[in-house]
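>>> Need a 3D model of the sequence below.
(chains A and B)
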Amino acid sequence: MLIPLLLGITFITFSLAKALPGDPVYSMVGERASPEIIEKIRTELGADKGILRQYGGYLQLLARGELGRSYYTNRRVAEDIAIKAPQTFKLAFAAMLIAVPAGLLLGLSAALSRRRWVDRAISGLTISGLSLPVFWSGLMLMFLLSLKLKLLPPSGTGGLQFVLLPAMTLSLPALASLARVTRVAVLDIRAMPYIRTARAKGLGDLRIISAHVMRNALIPVITVIGLDFGSYLSGAVLTETIFGWDGIGRFAMEGIIKRDYPVIMGCILVSTLCFVLVNMMVDLLYQYLDPRLRKR
Amino acid sequence: MGWTARISLGIISALFLLSLLAPCLVPYDPDAIDLDSIRQPPSPKHLLGTDGKGRDMLARLLAGGKISIGISVFAAILSMGIGLFIGLLSGYFRGAVDLTLMAFVDLILAFPSLILAIGISVLMPPGVYTVVIAIASVSWASFARLVRGHVLTIREQPYIEAARAIGCSDLRIVWRHILPQCLPLVLVMAGMKLGGYILTEAALGFLGLGVQPPTATWGAMISSNRAYLNAAPWMVLPPGVLIAVTALCFNLAGDSLRDGFDAEQNKLRYY
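Modelled structure (predicted):
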């Protein structure tokens, strides 16, 4: 399953790269190179061969960890991404640390107080959370917490006080979707016969919720966590840009502004791979969590 | 339709109508630069103030609304069309067609959506159509998946067999008997996705990949004015509020559309 998917993804990024405006050979050697040199590089790149051969060459380059060089800094894109990846990981992790407990708690309390004002209030909050553009809610948080109250530094990369603002911003949509999914999952499961059985056995509410409801609600909840974590790892382009967080997302944004195509394409490829791998891991986790999904 | 949905759709329609009528309502050209009155706070002359080039914020906000809502609706229609076509093809003919198309659908769904939309909009000259295509080429896949699943169950129904028995062509069966059944499903999905399209359009605008300046878009207004967040908040707050309100209204309408649709389906199932 993984191999065809990876082939497909690399083929799409390859096609995107092929479709880019401008001739890659010219951008490597400049406009004034002699025709012989251009011809030589073209042969080296395999630009005169068929599309499948070119794709093969592209895969070989990728296998060696080669993503090309930036047009502007002439640094290897793969190296730059490797330097910035830990920052992106740190931010994504911090955001999930906020989003997961808060989202679960909100979703659970909404489900348990179904149809009453708590449920309505939480549902209203979560749907607003899903509707806020992160780049704007980020600016608002920055405005409030660092410009007005002067609690946190507005931007930069670094320790806890720097990571808090972007992590809060990033956690908002994840928190909201997590709360919604948890609420629906808990409501569905509470209607199941085995919950009635548990209640008939005389188990307390707390035990029913922790042992029966939450454990069964884990599958949809973990799917959402995986999707969000994956997309944060793939670079929170907007959040990182606003807060000047030096990760993959901001690197991609700089590439976009300067139309630095190797950088953009490298970021897209690495991001997508991260996203796919995280979701693959979630799939594996399902089988661990739910014995029914294990292959016999 | 519930009251939330009616009110939400009312707000969006009002906003869109206002943005279409803006030239008659606001006495300023949204793109007219007036360097004598830059960064003016809200006043009777400029109700929502002016931006860094002295352009009237109200006029620009309304102009941006036309673009944001227009692009999102247009992208929803396009994704719906492509999704219906691919889904019908895949679900009705099954076999190799189905396998190939669904492999492609899974591939598109495997991408983080904003990243793929960025990749596509980088390729094309920026403009309204590029944004529409970028959004649609990412989001048609989920429509196709949904339609295919539905078609797979419909095509086994007795009335389809009857239609085939009396000699209806494939085209007629799909067009007259299957497509109409898929429409409500697809419309509900489009309703639920529209809020996301508003956010994607705004994000692309913010990244400078949307409709290009001087044309006003909400996302681009936030990105170009955000340096003045502290000094001139009226330049940054309103576009964000409008994005959030529009997306929220679409999300609320979509949710209640889905709830109504589910209730309808259950009625059919139980009675």
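
>>> which of the residues in the one helix or strand A:Ile257 maps to are buried?
Counting by DSSP states H and E, the element that carries A:Ile257 is helix A:248-258. For helix A:248-258, the neighbour count (16 or more other C-beta atoms under 10 Å in any protein chain shown) marks A:Ile248, A:Gly249, A:Arg250, A:Phe251, A:Ala252, A:Met253, A:Glu254, A:Gly255, A:Ile256 as buried. Glycine gets a C-beta too; all of them are placed from N, C-alpha and C.

>>> List just the nearest of those residues to B:Leu257.
Distance ranking of the buried residues of helix A:248-258 against B:Leu257, using C-beta to C-beta, places A:Gly249 first at 33.2 Å.

>>> from what I can see that closest one touches A:Ala236, true?
Yes: using C-beta atoms under 8 Å, A:Gly249 is in contact with A:Ala236, at 4.8 Å.

>>> Now do the shared contacts for those two.
Counting by C-beta atoms under 8 Å, 6 or more residues apart in numbering or on different chains, the contacts common to A:Gly249 and A:Ala236 are A:Thr88.

>>> Now the closest residue to B:Thr50 other than its chain neighbours: phi and psi?
Spatial nearest neighbour of B:Thr50, excluding adjacent residues (C-beta to C-beta, 6 or more residues apart in numbering or on different chains): B:Gln40 at 4.6 Å. The phi/psi pair for B:Gln40 (degrees, to the nearest 10) reads phi -90, psi 140.

>>> Determine the set of other helices and strands touching the helix holding A:Ile257.
helix A:77-112, helix A:237-242, helix A:261-289, helix B:113-123 (3 or more C-beta pairs under 8 Å, 6 or more residues apart in numbering or on different chains; DSSP states H and E).

>>> Nearest to A:Ile195 among the ones you listed would be which one?
helix A:77-112 (12.3 Å).

>>> Would you map the helices across chain B?
B:3-25, B:57-93, B:95-110, B:113-123, B:128-154, B:158-165, B:170-172, B:179-206, B:218-225, B:237-270 (DSSP state H).

>>> helices or strands up against the third one?
Same thing as helix B:95-110. helix A:2-18, helix A:261-289, helix B:57-93, helix B:128-154.

>>> now those helices as JSON lines including distance to A:Gly138, mean pLDDT and mean neighbour count?
Listed next are those as JSON lines, based on distance: least, C-beta to C-beta, whole Å; pLDDT from 0 to 100; neighbours: other C-beta atoms under 10 Å in any protein chain shown:
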{"stretch": "helix A:2-18", "distance to A:Gly138": "28", "mean pLDDT": "81", "mean neighbour count": "16"}
{"stretch": "helix A:261-289", "distance to A:Gly138": "19", "mean pLDDT": "83", "mean neighbour count": "20"}
{"stretch": "helix B:57-93", "distance to A:Gly138": "19", "mean pLDDT": "91", "mean neighbour count": "22"}
{"stretch": "helix B:128-154", "distance to A:Gly138": "22", "mean pLDDT": "91", "mean neighbour count": "22"}
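
>>> Nearest to B:Gly167, out of these?
helix B:57-93 (17.0 Å).

>>> touching chain A at all, the closest one?
No: against chain A, helix B:57-93 shows no contacts by C-beta under 8 Å from any C-beta of the partner chain, the least distance being 10.9 Å.

>>> Quick check: pLDDT value at the nearest residue to A:Phe14 once chain neighbours are set aside.
Using C-beta to C-beta, 6+ apart and skipping the chain neighbours, the partner closest in space to A:Phe14 is A:Tyr58 (5.0 Å). For A:Tyr58, the model assigns a pLDDT of 76.

>>> B:Ala75: which of the helices and strands packed on helix A:248-258 is closest?
Nearest to B:Ala75, of these and by C-beta to C-beta, is helix B:113-123 at 10.0 Å.
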